[in-house]
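K.L.:
sequence plus predicted model, see below.
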Amino acid sequence: MHGIEVDFDPTLTVEVPREEPFPGWAQAELERLGAHDPGLLDDRAGVVRWLDAVRGGVAPTATYTLAVRSPQLSALAVLRFDVIEGALPDEVQRTILEPPATLPPRFDVVELAGLGEALRMQVLAERAGEPYSLVQWLAVREGGSVIVSLGPLPPQGIAAFRPYAEAVVGSARPIGLELDGRPWLEQRSRLVEVVPPVESWNP
């Protein structure tokens, strides 16, 4: 059985359950976070609807879903982890790394404590005429693959969420992806090569 373990600050994070939660779950989580960020309580009904929508939209394939808080914005964003057995084929990786975008994606190779070498991609795109930004981390080794997504968010919102999200992603430790007795970090990275990173934009 594969999965993921992460470390997070409970004052900045909501664990989104895969199964139907107890009645009033979203309201209870809002009140818990609101004790640390009263700005969230300015729109109680809106935040509760958002949390319920996130819970209802958890994909069957999603391994783990969090809602993370930005103290600067008094707002929440989705941080989703997908853990897949086996290395994603190169063509599948390229599909992930070449999404429709307004500007070319920005790529950075990063070294994460629990995932080792990973590719971080930041995308600026449009949906129904509205611009949004998305950050994804991709780590691929012989025993399995991990995809993490932050957003989508308004372009100006990414900078407020990314530092904490990156700390959570950096703590992530895959479970059940050993291969022939070799732990995840001892396996060979199977990330595809990408075009040189875009350095000219920073939404």
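P.N.:
That came through fine.

K.L.:
could you find the closest non-adjacent residue to Asp7?
P.N.:
Distance criterion Cβ to Cβ, 6 or more residues apart in numbering; nearest residue to Asp7, sequence neighbours excluded, is Ser171 at 4.0 Å. For every residue, glycine as well, the C-beta is placed using N, CA and C.

K.L.:
separation between the one you found and Arg182?
P.N.:
21 Å (Cβ to Cβ, to the nearest Å).

K.L.:
repeat for Gly46
P.N.:
47 Å.

K.L.:
likewise Val14?
P.N.:
34 Å.

K.L.:
and the two? Which one has more around it.
P.N.:
Shown here are Val14 and Arg182; by other Cβ atoms under 10 Å, Val14 has more neighbours (23 against 14).

K.L.:
identify the bridge partners of that one.
P.N.:
Applying DSSP bridges to Val14 gives these bridge partners: Ala67.

K.L.:
which parts of stretch 16-28 count as buried, going by neighbours?
P.N.:
Residues of stretch 16-28 classed as buried: Val16, Trp25, Ala26 (neighbour count, 16 or more other Cβ atoms under 10 Å).

K.L.:
picking that back up, what residues are up against the residue nearest to Asp7?
P.N.:
Listed by Cβ atoms under 8 Å, 6 or more residues apart in numbering, the contact set of Ser171 reads Val6, Asp7, Phe8, Ala113, Gly114.

K.L.:
what's the farthest-apart pair in those residues?
P.N.:
Farthest pair in those (Cβ to Cβ) is Phe8 and Ala113. Separation: 14.1 Å.

K.L.:
so for the two, which residue has more residues nearby?
P.N.:
When Phe8 and Ala113 are compared for neighbours, Phe8 comes out ahead with 18 against 12, by other Cβ under 10 Å.

K.L.:
excluding its backbone neighbours, what's nearest that one?
P.N.:
Val168 (5.1 Å).

K.L.:
just checking, that neighbour is part of a helix?
P.N.:
Yes. Counting by DSSP: H, G, I helix; E, B strand; the rest coil, one finds Val168 located in a helix.

K.L.:
doesn't Thr13 make contact with it?
P.N.:
Yes. Shown here, Val168 and Thr13 form a contact pair, counting by Cβ atoms under 8 Å, at 7.4 Å.

K.L.:
okay, and the common contacts of these two?
P.N.:
Common neighbours of Val168 and Thr13 (Cβ under 8 Å, 6+ apart) are Leu66, Val68.

K.L.:
what's opposite Ile4 in the beta bridge?
P.N.:
The partner residues for Ile4, given DSSP bridges, come to Pro174.

K.L.:
distance of it from Leu79?
P.N.:
Counting by Cβ to Cβ - Ile4 and Leu79 are separated by 11 Å.
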